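> Here's a sequence, model it:
(2 chains)
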Amino acid sequence: MAYSDKVIDHYNNPRNVGTLDKSKANVGTGLVGAPECGDVMRLQIEVDENQVITDAKFKTFGCGSAIASSSLATEWLKGKTVDEALSIDNMEIVEELALPPVKIHCSVLAEDAIKSAINDYRVKNGLPALELNNSHH
Amino acid sequence: MLTLPIYLDNNATTPLDPRVLDAMLPYMTTMFGNAASRNHAFGWQAEEAVDYAREQIASLINCSPKEIIFTSGATESDNLALKGVFEMYASKGNHIITATTEHKAVLDACKHIEKLGGKVTYLPVNAEGLIDLQELEAAITDKTILIAIMYANNEVGVIQPVREISKIAKKNGILFFTDATQAVGKIPVDVEADGIDLMAFSAHKMYGPKGVGALYVRRKNPRVKVTAQMDGGGHERGMRSGTLNVPGIVGLGKACELAKQEMEADTARISAMRDRLEKELLTLEESYVNGSREHRLPHVSNISFKYVEGEGLMMGVKDLAVSSGSACTSASLEPSYVLKALGLSDDLAHSSLRFGLSRFTTDEEIDFAINHVKEAVTKLREMSPLWEMFKEGIDLNSIEWAEH
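Numbers count the residues shown, from 1 in each chain, chains lettered A, B, ... in the order given. Next up, the predicted model:
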């Protein structure tokens, strides 16, 4: 399979690989996917008092496209407010990384990971969990 | 000097040995005759070359030159053996016994036979990849006409107990066919001592050209016949029509001659490299050799690296040409059916690599491969949430994974 240069760049130089302290109230953690499906993404955000995402980290078990999708997601998350982050759409990831159709599920998983991390943060801070929209492209 | 990528996929195909090419070339240019042309020197030359190749092959596997039927390769030989026996021995029965880890050419030919009304038993294998001889005996019925068990497996290199299988076949008056594509030219194969009635093999797995193979068909004790699957001029004792691929056959013959001369030395050198590669890669935590290490081809190693995803791993070892246990080029991520038959979970099957060494593999290439794989696995594990959980002592089975 031919990967785009951007996927290869994220694979070779993944941004923001790592772990945030999930016990902290201002850290949201999303863990999505399943080992037997061949993709598991863990995405974490750290949020300041102004609802701005100051840090984002990921770890991904998966193919190059899954790694690149989550790496890109952490880049995009930093500096955004939580509300802005909710608007990240998987098709933006598909376009940015030029993912082929068989790899669209990697972008969907990254979007799920973002929303799941945000929900974890919301619940920790006494906010209701958002209904996750599963009508993906 | 290393040339990248390094080829370690010699169970898929081997490079042509230059000595084989030299033997073949004249038969593509000046000596181009049709081996079936009886009326002129061009035909005689070609026929002589084919006869000589038959002797070279016969000498390697200890049979009579008359027992070699040339085909286009092992897939055709597998089809001819299975379908040919099924048709020829229809009056005796319709039951075939094979195993779940056979090559697709055997499994799909068996599926075809089932559609034609045949009955097929697919024997399971144990964690080592070996069939159970008692289960084999128990599967035999009065309708059983053929036992089809491969000599050595293409994915894990496991060698089946061929002599014990053939004894069971003989005792029960059943024919024994073996797909020996991965074995011939690599380990000693002797159709007499091994008690083989039919055997498929191919040139391009032993440094010969692609597009040519053979089916060994026993002529004595018992005399075996197969119904032709290709109708035409009645070549190859009526069992396989079609103008002989003279240069290819010459190449197969030469490849067999070289294999016979060099097998011992090749095996010693190649298995030492394979063992070193394996020993080094097993220093990585949570890495496992798939299949029996005792009953195994000398040039193959199939290793799973837990908590690393197969396709990501293939991308990480881009400077190596190896095979992975997952069919990741297709849209669906299907783990290898062979590894699954050995009892591997999907994730371990996905995270496997098959290394196949050759006569042309060098120590320098193995050194590079060791470092390259170690780096890739280590890097991917640092990126893997599953590895982190494993290190923290979290049981991954205790987590409710969101299916997607």
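> so what's residue 43 up against?
Looking at chain A here, since you left the chain open. When contacts are counted by Cβ atoms under 8 Å, 6 or more residues apart in numbering or on different chains, residue A:43 is found next to A:29-30, A:32, A:56-58, A:70, A:73-74, A:110, A:113-114, A:116-117. No exception for glycine: its C-beta is placed from N, CA and C like everyone else's.
> My question was about chain B, not that one.
Here residue B:43 is in contact with B:33-37 (Cβ under 8 Å, 6+ apart).
> Buried ones among those residues?
Buried by 16 or more other Cβ atoms under 10 Å in any protein chain shown: B:33, B:35, out of these.
> so which of the contacts of residue B:43 comes closest to residue B:282?
Checking the contacts of residue B:43 against residue B:282 with Cβ to Cβ, the nearest one is residue B:35 at 50.0 Å.
> Kindly indicate whether the closest one is helix, strand or coil.
Under DSSP: H, G, I helix; E, B strand; the rest coil, residue B:35 falls in the coil class.
> how close does it get to chain A?
Separation of residue B:35 from chain A (Cβ to the nearest Cβ, to the nearest Å): 43 Å.
> same check, this time on residue B:105
Applying Cβ to the nearest Cβ, the value for residue B:105 to chain A is 25 Å.
> which phi and psi does residue A:6 have?
phi -70, psi -40 (degrees, to the nearest 10).
> OK, contacts around it?
A:68, A:72, A:96-98.
> and the residues you listed, which are buried?
A:68, A:72, A:96-97.
> returning to that earlier point: any chance of the contacts of residue A:43 in a markdown table with secondary structure and distance to residue B:268 as columns?
Output for those, formatted as a markdown table (DSSP: H, G, I helix; E, B strand; the rest coil; distance: Cβ to Cβ, whole Å):
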| residue | secondary structure | distance to residue B:268 |
| --- | --- | --- |
| A:29 | strand | 54 |
| A:30 | strand | 54 |
| A:32 | strand | 50 |
| A:56 | strand | 54 |
| A:57 | strand | 50 |
| A:58 | strand | 48 |
| A:70 | helix | 47 |
| A:73 | helix | 52 |
| A:74 | helix | 51 |
| A:110 | helix | 51 |
| A:113 | helix | 51 |
| A:114 | helix | 56 |
| A:116 | helix | 55 |
| A:117 | helix | 56 |
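> May I see the buried residues of stretch B:99-119?
For stretch B:99-119, by 16+ other Cβ under 10 Å, it's B:99, B:101-103, B:105-107, B:109-110, B:113, B:118.
> What of stretch B:42-59?
B:45-47, B:49-50, B:52-54, B:56-58.
> can you tell me which of those are in helices?
Among those, the subset assigned to helices under DSSP state H consists of B:45-47, B:49-50, B:52-54, B:56-58.
> what's the spacing between the most far-flung residue of chain B relative to its centre and residue B:386?
Distance from the C-alpha centroid of chain B peaks at residue B:392, with 41.0 Å (Cα atoms, centre = their mean). As judged by Cβ to Cβ, to the nearest Å, residue B:392 and residue B:386 stand 11 Å apart.
> same thing with residue B:5?
Distance from residue B:5 to residue B:386, by Cβ to Cβ: 28 Å.
> Next: residue B:325.
For residue B:325, the distance to residue B:386 - Cβ to Cβ - is 17 Å.
> So for the two, which residue has more residues nearby?
Set residue B:325 next to residue B:386 and count neighbours by other Cβ atoms under 10 Å in any protein chain shown: residue B:325 wins out with 29 against 22.
> And for that one, nearest residue in space, chain neighbours not counted?
Once flanking residues are discounted, residue B:325 sits nearest to residue B:352: 3.5 Å by Cβ to Cβ, 6 or more residues apart in numbering or on different chains.
> Isn't the one you found up against residue B:336?
Yes: with contact defined as Cβ atoms under 8 Å, residue B:352 reaches residue B:336; the gap is 7.2 Å.
> who's more crowded, these two?
Between residue B:352 and residue B:336, counting by other Cβ under 10 Å, residue B:352 is the more crowded of the two (30 against 25).
> Quick one: name the residues of chain A near chain B.
Selection of chain A residues close to chain B by Cβ under 8 Å from any Cβ of the partner chain yields A:1, A:3, A:11, A:14, A:17, A:19, A:31-42, A:59-64, A:66-67, A:102, A:105, A:108-109, A:112.
> just the helices in chain B please.
B:18-24, B:41-61, B:74-88, B:104-115, B:133-139, B:162-171, B:191-194, B:246-281, B:310-316, B:337-341, B:346-350, B:363-382, B:385-391.
> List the buried residues in the longest one.
When burial is assessed from 16+ other Cβ under 10 Å, helix B:246-281 yields the following buried residues: B:246-260, B:263, B:266-267, B:269-271, B:273-274, B:277-278, B:280-281.
> That one to helix B:41-61, inter-axis angle?
Between the axes of helix B:246-281 and helix B:41-61, defined by axes from the mean of the first three to the mean of the last three Cα atoms, to 10 degrees, the angle is 30 degrees.
> packing partners for helix B:246-281?
helix B:18-24, helix B:41-61, strand B:300-305, helix B:363-382 (3 or more Cβ pairs under 8 Å, 6 or more residues apart in numbering or on different chains; DSSP states H and E).
> Now tabulate those in JSON lines and tack on distance to residue B:94 and mean pLDDT.
Below are the helices and strands packed on helix B:246-281 laid out as JSON lines (distance: least, Cβ to Cβ, whole Å; pLDDT from 0 to 100):
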{"stretch": "helix B:18-24", "distance to residue B:94": "41", "mean pLDDT": "98"}
{"stretch": "helix B:41-61", "distance to residue B:94": "29", "mean pLDDT": "98"}
{"stretch": "strand B:300-305", "distance to residue B:94": "35", "mean pLDDT": "97"}
{"stretch": "helix B:363-382", "distance to residue B:94": "47", "mean pLDDT": "98"}
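> I'm done for today, thanks for sticking with me.
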